[in-house]
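J.: Dropping the sequence and predicted coords here.
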Number of protein chains: 4
Amino acid sequence: MEGKETVGVWLVGARGTISSAVICGLELLKRGAIAKTGLFTETLVGVSHNFVEYSEIVVGGCDLIESDTRSGVRSLVQQNILPWQHAELLSTIEWKADDNIVTLDKRCFSNGSFNKTLQHTISLIRGHIAHFKATYRLDRVIVVDCSSTSPVFTFTEIAAGLSTWSQLDDYFSNSFDDVSHSLLYAASAFNEGCAYINFTPNVASEIPALKELAVIKGIPHAGKDGKTGETLVKSVLAPLFLHRNLEVMSWQGYNMLGNADGKSLSDPRAKESKISSKSQSLTSILPHDDKLHANVSIDYVPSLGDWKVAWDFVHFKGFFDTAMSMDFTWRGCDTALAAPLVIDLVRLVDLDWRKGKDGVLKHLAAFFKSPTDFSCHDFHQQMQYLHNYLRSY
Amino acid sequence: MEGKETVGVWLVGARGTISSAVICGLELLKRGAIAKTGLFTETLVGVSHNFVEYSEIVVGGCDLIESDTRSGVRSLVQQNILPWQHAELLSTIEWKADDNIVTLDKRCFSNGSFNKTLQHTISLIRGHIAHFKATYRLDRVIVVDCSSTSPVFTFTEIAAGLSTWSQLDDYFSNSFDDVSHSLLYAASAFNEGCAYINFTPNVASEIPALKELAVIKGIPHAGKDGKTGETLVKSVLAPLFLHRNLEVMSWQGYNMLGNADGKSLSDPRAKESKISSKSQSLTSILPHDDKLHANVSIDYVPSLGDWKVAWDFVHFKGFFDTAMSMDFTWRGCDTALAAPLVIDLVRLVDLDWRKGKDGVLKHLAAFFKSPTDFSCHDFHQQMQYLHNYLRSY
Amino acid sequence: MEGKETVGVWLVGARGTISSAVICGLELLKRGAIAKTGLFTETLVGVSHNFVEYSEIVVGGCDLIESDTRSGVRSLVQQNILPWQHAELLSTIEWKADDNIVTLDKRCFSNGSFNKTLQHTISLIRGHIAHFKATYRLDRVIVVDCSSTSPVFTFTEIAAGLSTWSQLDDYFSNSFDDVSHSLLYAASAFNEGCAYINFTPNVASEIPALKELAVIKGIPHAGKDGKTGETLVKSVLAPLFLHRNLEVMSWQGYNMLGNADGKSLSDPRAKESKISSKSQSLTSILPHDDKLHANVSIDYVPSLGDWKVAWDFVHFKGFFDTAMSMDFTWRGCDTALAAPLVIDLVRLVDLDWRKGKDGVLKHLAAFFKSPTDFSCHDFHQQMQYLHNYLRSY
Amino acid sequence: MEGKETVGVWLVGARGTISSAVICGLELLKRGAIAKTGLFTETLVGVSHNFVEYSEIVVGGCDLIESDTRSGVRSLVQQNILPWQHAELLSTIEWKADDNIVTLDKRCFSNGSFNKTLQHTISLIRGHIAHFKATYRLDRVIVVDCSSTSPVFTFTEIAAGLSTWSQLDDYFSNSFDDVSHSLLYAASAFNEGCAYINFTPNVASEIPALKELAVIKGIPHAGKDGKTGETLVKSVLAPLFLHRNLEVMSWQGYNMLGNADGKSLSDPRAKESKISSKSQSLTSILPHDDKLHANVSIDYVPSLGDWKVAWDFVHFKGFFDTAMSMDFTWRGCDTALAAPLVIDLVRLVDLDWRKGKDGVLKHLAAFFKSPTDFSCHDFHQQMQYLHNYLRSY
């Protein structure tokens, strides 16, 4: 680490499966023990982009749950995410990350009953980030939010009225409301001079007041809601119908999943938040008139664990109004799909930051279900935009 | 038609279902009786491209089978391609196309037993085209080859040695070989000053000698093998795996169809020709090393009639080498997908011809399974190339 | 009809698609214009069971909607249920059934606002049945209830307290409640000396008070909820897992349909009634402990019309607790599956009635999603029971 | 083992995955370390059938490949058949089975080039079985044939002429032919006084001469070809169409598998043998006239390993000849499905043997794709026959 710059990654939800997979993955990559499958940044072969090396990344973070990396590894193996062969190697590692992961008191987020303002919670989070930054003398820290899906809080409406950072800051100082946790993480990150990546569907850095703060501080950020499975396939397939002028009459998407993310969706408000994020893709690509009947549902099916099984049915019309259909089944491991995206995003945001970019990094739209400030959901157009951007460096 | 230019479309295989659907479709479009669903050229709204109007197209053609349009309509309805509502309207029409469709003697293509050279067959076809052109005083005639899939003839090797038009012309004058019929149609078209579109997987205008002839004559052409169903979906989906650096281990495609096209595939040599065309898409998009196990099969299932049912299974690896899979089922009406592409191709080729283009129209790659002189099979890149081309006018 | 006995079929919901298909189907069967596909009773070849001939059946009925058979035929053709070839033949028929189908005033079933007791509605229905019977001098009339799915009324609880016919009769004389319409149809049928078949999931002849009445009157009845599609497949497949001692962890069933039945399910209470009926099959076949996660959902997808598309996912454990899965897709035409069952049930109930049977005909369980007084939902055991019963005649 | 009778199981193909799973499974069952999922005999709760206990079974066998159980366990874990949790427990076991498994010289089966008669090979095999029997003083030894699929040898025709045991015995003494290995294993078993279970599709104990020998020796046997996956589902589903009088027009079955069994199918003659066994089920259940188009294919897809993925498409007609369809996807672990069937068969054959039964045990038809001397392939009827048989004890 001598002489070389080091990048800090501060994971929110650091004890969740995605974070565990990021931590294990980085360790295995450093040792050359796994292939680079799933990592977009590794496809840029010959394009010398000077991405941060896996060995130059230091991981820290926070969670509401107390645990350790060893348990995380075990859980990954039990769910068939991490092949058991790697478990042996990982069991011999001394996990330094454990020193950098703090357990937050759940009461931090029940501000009303705790009788503390939101500002108080922000200060608390900022303290932990600052400590991490100082300990490792990190030049840049990127906060990656991998926390659970929050309910769609009524705050969304409040936020609409708080269009400047100073207004929002005031609100934080006086309010005891129940708000999206991610909002507080994003505010903490920016105030502490850290970049922020929102991998969740929660309200966070995309609101005007926080976008303003990011620009003031000269910090880049990106979001939101990692595009890993069914929505990804949708955003690849839907343009086909558009290009061929085939009229999609109905698109029904049924998702089943059994992990903590699935469990959190048993809260109908969280479900609404997730479904709303998943639905955008389709209706933004296809002509969204009265004729399109598009639905997406998510069911919690515990036996699936971290495996997401989705079935989508597309009913469309061709020439002579002949009705045809296609359907697809997706059987993906959410964590194995999400973890490399997190690593890619860290490398891409870090590169931009070093190049002096700030504000919303729109060219990262291809990574998200609800890309901030980017209305196009067509995956291929998103990828082309990204490639053009990277080529222009 | 007074003052206005008129475009002739000369359909090879004019009694087949695709041609019948093109003939009925044009008639219904002229009368505004059907929606413009399935027609790409209709998506270019606001882009005044001056495409030929449906009412300005005169249809003629040839077939080895004697029939009439009325029977074609009935067959389309019986196979649920054309909704019965339209049958009534169509039954009241007097079909002028019937006057322009000639029945070729099957012996034209058994030159050996018939003791006639290939040149003789070409002269015969040219005579029919010339008559059609003269009758309607057509400025431009576009020959669209919708004939059945031919076997992979050994001619392919012979053709390799006949790299100039004069060599091929000599060969035609002296040979009694069993060659791809489409080769003779393409040669006839060019010699008669007509553009040529190859909607079949047969060897035709893509061979060097005929490409040379097209340029000598200043004529545009495009091909080959209309991309309508499973291959289309493949060329849309496969790039997803590439972009996300997911390693496709196996891609198995199973196609079932019950129409004349399916029946012709009972000849193993015809099957080989079709499968080879269908396979290119995948192996050209994905890294084609020893690791990729890609297979495509076609089965004749009579009960399906013109409906193609295809099931594709994709087995891929993600991060940690975790194996995942997706599969899709496609239930499309081949004819209802192909017919509007033929009409689109006629309009696009005609536009280019008027603008003075000749030779291979590479920008039409998105319409074909085996695009001539265009190595990229990624549908989205093909569409983007096409849009850029059209925008540049 | 001279000398021969004639059977009357009085269809409730006579203007719905199932009834229309029954009416058209009987007419086509009489004329030998269609194959006997879909009719169970036709498989009993060589077993001389003396079923009523199609030509000996007279159809009447009622509906809340005014229409005629000609419109019914048109609608069947438009939805691709009845192939257009038959439409021509049917258009030449003079529909006598139209004379026997009465339109009921919708207010009959809003007894509260109408200020009429339930008994009044029953009298009204009885009058119509009696008139039909008298007009054709029918020995036996079978009322077949093909009406829409009703909400799960709170009456279910009331009915529990009304365990004898005299109690229920009293209730009818004094109540203005909003009850399942099918309850009133069943009571009307029995009081008028007619057999009753409940093809709907509505509360009707299976309640103790009505079962008592049927026995008093010496009348057979059967129900409830015709088993046509996804539930049928479930009741065939689920025993496989039981027999092989494979532990089903999750069974998720997703149904999509676009007909009137689907529309009526937009009333959440009607949906509950239907789903509860569909769920029984699985939980009664498989060991229903805490481990089984079974769910079934129904969505209204208008573009599908009368076509039901269902996708079921089964997640199960084998030896070594290895998790495996299967899924199936069902694409059936509900009406084309239901109509022959109605005709079969009429023939089977009629046969039993002539043999002197009364009360619940349990051996008809294989036809129903929620068979009255028959706890076994395994389709194969149900069929075996039926065959044994018929053999014992 | 003192006083208690002990049963010997002599596995042919003892180093294959099925045998390895049987060996590990028995060990885990003895220790109560796994659930009894997948074992039919365990569903006979309360029916005191006195099946042999898992701890009373001694395993031996032979293979052409030299290996040990430890490698077998590793391979099961690598293919995700045996969850890694069990691997640890199994790694502590000292595998006595290894002492009882002999490696046969491959030349035993190339009798021509080896210049040894078939009788010589039989003697060799008999010697190994006799040694195993003597070592453990076993009362009963059951030979279970789990070897690879053999090609369809022309022997089938020879065997037809050798209808008595003495004729076949003569043939063995004089011939150097290339015959189905299983034929020699079956002959060896019977001659050595052992029962024989044919889990392969190979020609063996079902030929008349060997059936005669089994009766002479008073020994029971059963076969052939374990019914584990797609064929099992077919034999459950097909009767549905029969019972409802729905006309199946086409049934296409596509199988993909990646294990040694799949690899052996690259020999087209072996493939023919397997496909012929798989096809019987359907054509014996459904009316097999010119109308039924039934096809089954098997492809070797290495990435799947021991996982079998099958897709079946059923196209059928209902009332009004309306065409409908269903399809299913099966994702099963062949070994985890087969191993408990082997254990079940050992227990069932042993029970019958003790009860004095000999010859073909027809009531075990439900376990096989090509049940010997049992023409009914309907799984439910087979299970009912089995249950009736067991009840009659």
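T.: Sure, I can see it.

J.: near chain B, which residues of the stretch 51-200 of chain A?
T.: For the stretch 51-200 of chain A, the residues in contact with chain B (CB under 8 Å from any CB of the partner chain) are A:80, A:81, A:82, A:83, A:86. No exception for glycine: its C-beta is placed from N, CA and C like everyone else's.

J.: show me the contacts for the fourth one.
T.: Residue A:83 sits next to A:77, B:320, B:321, B:322 when contact means CB atoms under 8 Å, 6 or more residues apart in numbering or on different chains.

J.: which one of the residues of the stretch 51-200 of chain A next to chain B sits closest to residue D:225?
T.: Using CB to CB, residue A:80 comes nearest to residue D:225 of these, at 30.6 Å.

J.: what's the burial count for that closest one?
T.: 20 (other CB atoms under 10 Å in any protein chain shown).

J.: From residue A:90, how far off is it?
T.: 15 Å (CB to CB, to the nearest Å).

J.: likewise residue A:240?
T.: 41 Å.

J.: Tell me, domain by domain, which residues of chain A belong where.
T.: For chain A, automatic domain parsing gives the domain ranges A:7-226+A:336-391, A:230-333.

J.: And those domains, which one averages the lowest pLDDT?
T.: Mean pLDDT is lowest for domain A:230-333 out of the domains of chain A, coming in at a mean of 88.

J.: Quick one: name the residues of chain A near chain C.
T.: So far as CB under 8 Å from any CB goes, chain A lies against chain C at A:249-250, A:252, A:254, A:256, A:293, A:295, A:297, A:299, A:301-304, A:309, A:311, A:313, A:315, A:323, A:325, A:327, A:329.

J.: out of those residues, who's near chain D?
T.: residue A:329.

J.: PyMOL command for the buried members of the residues of chain A next to chain C?
T.: Applying 16 or more other CB atoms under 10 Å in any protein chain shown to the residues of chain A next to chain C, the buried members can be selected in PyMOL as follows:
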select buried, chain A and resi 249+250+252+254+256+293+295+297+299+301+303+304+309+311+313+315+323+325+327+329
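
J.: any idea where the helices of the stretch 151-300 of chain A begin and end?
T.: Assigned by DSSP state H, counting those that start in this stretch, the stretch 151-300 of chain A shows helices spanning A:155-161, A:165-174, A:181-191, A:208-217, A:230-243, A:260-264, A:268-285.

J.: Confirm for me that residue A:120 is in contact with residue A:111.
T.: Yes: contact criterion CB atoms under 8 Å: residue A:120 and residue A:111 qualify, at 7.5 Å.

J.: Comparing those two, which residue is more hemmed in?
T.: residue A:111 (20 against 15).

J.: Give me the spatial nearest neighbour of that one, chain neighbours excluded.
T.: Using CB to CB, 6 or more residues apart in numbering or on different chains and skipping residues adjacent in sequence, the residue nearest residue A:111 is residue A:176, 4.5 Å away.

J.: what about residue A:148, how many neighbours?
T.: That count, for residue A:148 with other CB under 10 Å as the rule, works out to 18.

J.: from what I can see it touches residue A:260, true?
T.: Yes: counting by CB under 8 Å, residue A:148 touches residue A:260, with 6.7 Å between them.

J.: anything in contact with each of these two?
T.: Joint contacts of residue A:148 and residue A:260 (CB under 8 Å, 6+ apart) are residue A:16.

J.: what number of residues lie near the residue nearest to residue A:111?
T.: 15.
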